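Chemist: just coords:
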């Protein structure tokens, strides 16, 4: 019999214990992604990869399998023990992270990243659903914002750890050693976190088999203009934010002259703090404004991207690495303001029995498109290399400009759809 948490923990500190444990899992989840970004130059030099191949490794290869596997795994999570699914996923992606350090060719590293993507597909959507059954609707934006701090903390620890481990053990040792804490956490997770009753804070607790079939869940999602436009706004925003974060370490080292130690020491902590403030702040502000109108959950990220754009252009044209880092601090934080509001919209608009599946559909849109971003920038960089040399990467990052406009436009359109539905 599945153990469940009763209603009492909602009035205790236990929900925050659950949030803290799942946050650590998310940090490890994202730390792996940042580790690849911070190590692209050592990997490129040893294995002779092109920027297109690096774009595949850091983005598309991982994202395709993450996106495809995420939906059926989340559908299972709407019917099975979500805590156990997260634990198995954590153990699986940690094993394949270690395998990345053993790769000797593009194919071997790509297959290892496929394994990481399949494992990580079972981490975030079930965690969203678990947290939604520990935090009431009016606190979910804040809870999702706190949980999403796994991204900036993963950026911070990934950069610092990657630079340190690469200096001491090489890039291979950095991957292999990272597998150990993930496997240990996978074993401890079911002992700490209790599976909560589905919908117990929404007045409609249901059994695990109360959800729609997968096809019907997908149909219900795509028939909702609010959910589709929220997913597109989130995704186009994510292309700009995630691709910039993926390629910035290489840009700073290759184009602006920074060392990997300088990137790990200065860039990663500052950008990690900035992204953390962007994610947490957007969730908090959207919750405050959303109490009067749900449209705030779409308008907050739209406004953030408008503010980020000019600083992004200035950072790319800066004369040296440290000025680029300082100028990137604000726009990279603003560029991640899409996540917590989008997740809160999905969690608040769909029934409890479909939350994990609907979150996975949101992440399907998001991760497939953001996975294309690093690949797209890599191809543009290789195309521009004969004329611009190493500076081709700067040219390629300028090619992200249309995604800023698409992110703003789709988020604004989502706010209009919310108004038409009578949500504010």
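Modeler: Arrived safely. Quantities reported herein were computed from a predicted structural model and do not represent experimental measurements.
Chemist: tell me which residues of stretch 17-32 are tucked away?
Modeler: For stretch 17-32, burial by neighbour count (16 or more other CB atoms under 10 Å) applies to 18-19, 21-32. (Glycine included, C-beta is placed from N, CA and C.)
Chemist: just give me the residue right at the centre of the protein.
Modeler: Nearest to the mean C-alpha position of the chain, by CA atoms, centre = their mean, lies residue 151 at 6.1 Å.
Chemist: what about it, distance to residue 267?
Modeler: 15 Å (CB to CB, to the nearest Å).
Chemist: next one: residue 143
Modeler: Remark: distance between residue 143 and residue 267 (CB to CB) = 29 Å.
Chemist: buried residues, stretch 404-413. List them.
Modeler: Those would be 404, 406, 407, 408, 409, 410, 411, 412, 413, for stretch 404-413 by 16+ other CB under 10 Å.
Chemist: sorry, wrong one. I was asking about stretch 91-109.
Modeler: Neighbour-count burial for stretch 91-109 flags 91-101, 103, 106, 109 (criterion: 16+ other CB under 10 Å).
Chemist: with respect to residue 182, which of these is nearest?
Modeler: The nearest member of the buried residues of stretch 91-109 to residue 182, counting by CB to CB, is residue 94 at 2.8 Å.
Chemist: host element of the closest one?
Modeler: Assigned by DSSP states H and E, residue 94 belongs to helix 82-100.
Chemist: check the offset of that helix from the chain's centre.
Modeler: 16 Å (CA atoms, centre = their mean, to the nearest Å).
Chemist: could you give the angle of the helix or strand following it to helix 82-100?
Modeler: Downstream of helix 82-100, the next assigned helix or strand under DSSP H and E is helix 106-120. Helix 106-120 runs at 170 degrees relative to helix 82-100, counting by axes from the mean of the first three to the mean of the last three CA atoms, to 10 degrees.
Chemist: list the buried residues for helix 106-120?
Modeler: Quick answer for helix 106-120 (16+ other CB under 10 Å): 106, 109-120.
Chemist: packing partners of that helix?
Modeler: With contacts taken as 3 or more CB pairs under 8 Å, 6 or more residues apart in numbering; DSSP states H and E, helix 106-120 sits against helix 14-38, helix 40-47, helix 61-77, helix 82-100.
Chemist: take those helices and write them to TSV, including distance to residue 160 and mean pLDDT.
Modeler: Converted to TSV, the helices and strands packed on helix 106-120 look like this (distance: least, CB to CB, whole Å; pLDDT from 0 to 100):
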stretch	distance to residue 160	mean pLDDT
helix 14-38	9	90
helix 40-47	16	90
helix 61-77	22	81
helix 82-100	17	94
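Chemist: nearest to residue 313, out of those?
Modeler: helix 14-38 (21.5 Å).
Chemist: packing partners for the closest one?
Modeler: Under the contact rule (3+ CB pairs under 8 Å, 6+ apart), helix 14-38 is packed against helix 82-100, helix 106-120, helix 124-132, helix 140-147, helix 150-192, helix 225-250.
Chemist: any idea which of those has the lowest pLDDT on average?
Modeler: By mean pLDDT, the lowest-scoring of those turns out to be helix 140-147, with a mean of 79.
Chemist: roughly how far is that helix from the heart of the chain?
Modeler: Chain-centre distance of helix 140-147: 14 Å, with CA atoms, centre = their mean.
Chemist: what's the angle from that helix to helix 124-132?
Modeler: 130 degrees.
Chemist: what is helix 140-147 packed up against?
Modeler: Judged by 3+ CB pairs under 8 Å, 6+ apart, helix 140-147 is in contact with helix 14-38, helix 124-132, helix 268-290, helix 339-349.
Chemist: can I get those helices in JSON lines including distance to residue 369?
Modeler: JSON lines is the format used below for the helices and strands packed on helix 140-147 (distance: least, CB to CB, whole Å):
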{"stretch": "helix 14-38", "distance to residue 369": "15"}
{"stretch": "helix 124-132", "distance to residue 369": "16"}
{"stretch": "helix 268-290", "distance to residue 369": "19"}
{"stretch": "helix 339-349", "distance to residue 369": "13"}
